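# the sequence isn't on hand, but the structure is:
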DNA sequence: TCCATTTACTACACAACTGTAGCATTCTGG
DNA sequence: CCAGAATGCTACAGTTGTGTAGTAAATGGA
């Protein structure tokens, strides 16, 4: 009957598990990007993916594990990008050069994959408990890498732990500025501002 | 009947409107501090205050206006404290002195009223739309004040807009560190780290 | 071709929260 | 001391989201 035809939802394409999981993570990422971590729910993800909730439950136990998997995937991508963009040689001792090298690379990284970075930069304060712990763990790993960079660039007499926190905070804020208004906050402008800040003493203090 | 006596909830003390509103804002603040902005609801606030939901609806139209009023109150307190702690003389031109003056004052400010500052520092990304706009407006006002300080301290050739964003980001992160672990991140340590960072060129660049 | 398996959908029960209507209690002024 | 105004409580209906059991469709191998 046409009544039945109208009522019954057309079946979504059948997809093997692994692919379905990826598809659902993509949907979740879109929802997060559009509505923030608040708007995320099993229901919203299912709608976004064009399937019904039981399909989602077939792929993930609940919202927590799903978001966990999402963050896991995006953080992995992000860390690859990030460590690719960060300088390698810690023993240089030339802060300005180091910044002029890393600045544009980081900037490009943001523009290449803004969705991932919005999701990560905004996960900061919010996000369901268990997720935050994992984010924090990775964040700490990044901070340690930066702490080493700081020590390498500015010498051992600096308080590298505190400064690494400052650098991370600054980078995250710059990231948000770039994503919000790339034309206003160009790679060159941000880079030069930082260089000017501490470029006045180019040598390393040992 | 004892049945009725057991069932019927004892009446909460009757309180004039103005006082009730304050009491509810206090309750809301406690909830936010305990469970974050996620855990906040009319229901949770009512429970925390020891009254029933209709009482809350008598004082505020809904959760949005209530949180708005809360942020309004706390931000007002916070801005008073903040502008009290920030240096006044913009024309000094001595960054190190400026920081050594402001650092401990800001540190003390945090310890004096940690609940307020936790609520504000964590409101960053989250919070119901309308609230965030107001928070952003105040934040921008603070940033402009800091932009003036930066110009005053480092001279006009610096990119004060960008640097003010960096300074704000750093201050907020330091605030979080202090609140999380005051013994580890003392006023002196944070202050000296910043002074060391740019204190190497004490003069103003004009 | 046809049946067993896999995958998706429908429907239901449950939980947390919102907002409101109507009743109960307390308090206050005459 | 006793109405009636002010204030609080109970109860209900509506909404949104969760998680699951049972049913219907699609798909691949015999």
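Here it is on my side, so go on. These numbers were taken from a predicted model, which means no experiment stands behind them.
# show me how chain A divides into domains.
Domain assignment for chain A by automatic domain parsing gives A:14-60, A:65-206.
# okay if I get the ones you listed as a markdown table plus distance to DNA strand C, mean pLDDT and mean neighbour count?
Glycine gets a C-beta too; all of them are placed from N, C-alpha and C. As requested, the domains of chain A are exported to a markdown table (distance: least, CB to the nearest atom of the strand, whole Å; pLDDT from 0 to 100; neighbours: other CB atoms under 10 Å in any protein chain shown):
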| stretch | distance to DNA strand C | mean pLDDT | mean neighbour count |
| --- | --- | --- | --- |
| domain A:14-60 | 4 | 94 | 16 |
| domain A:65-206 | 14 | 86 | 17 |
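# want to throw those into a markdown table with distance to residue B:160?
Converted to a markdown table, the domains of chain A look like this (distance: least, CB to CB, whole Å):
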| stretch | distance to residue B:160 |
| --- | --- |
| domain A:14-60 | 31 |
| domain A:65-206 | 9 |
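# those domains: which one's closest to residue B:107?
Go through the domains of chain A one by one with CB to CB and the one that ends up closest to residue B:107 is domain A:65-206, at 13.0 Å.
# the closest one near chain B anywhere?
Yes - contact between domain A:65-206 and chain B, assessed by CB under 8 Å from any CB of the partner chain, occurs at A:122, A:124-126, A:154, A:157-159, A:162-163, A:165-166, A:168-170, A:172-174, A:177, A:185, A:189-190, A:192-194, A:196-198, A:200-201, A:205.
# would you confirm that residue A:72 contacts residue A:131?
No - assessed by CB atoms under 8 Å, residue A:72 is found out of contact with residue A:131, at 9.4 Å.
# centre of the chain versus the longest helix along chain A, how much separation?
For chain A, the helix reaching the highest residue count under DSSP state H is reported as helix A:130-154. When C-alpha coordinates are averaged (CA atoms, centre = their mean, to the nearest Å), helix A:130-154 and its chain have centres 13 Å apart.
# now do stretch A:147-163
Distance of stretch A:147-163 from the chain centroid (CA atoms, centre = their mean) equals 24 Å.
# hmm, residue A:25 is touching residue A:71, no?
No - with contact defined as CB under 8 Å, residue A:25 and residue A:71 do not form a contacting pair (9.8 Å).
# the helices in chain A, which residues?
Remark: helices assigned in chain A by DSSP H are A:2-7, A:17-35, A:42-49, A:53-59, A:63-85, A:95-112, A:114-122, A:130-154, A:160-180, A:187-198.
# which single residue in chain A comes nearest to DNA strand C?
residue A:9 (3.0 Å; CB to the nearest atom of the strand).
# quick one: contacts for that residue?
Counting by CB atoms under 8 Å, 6 or more residues apart in numbering or on different chains, residue A:9 makes contact with residue A:52.
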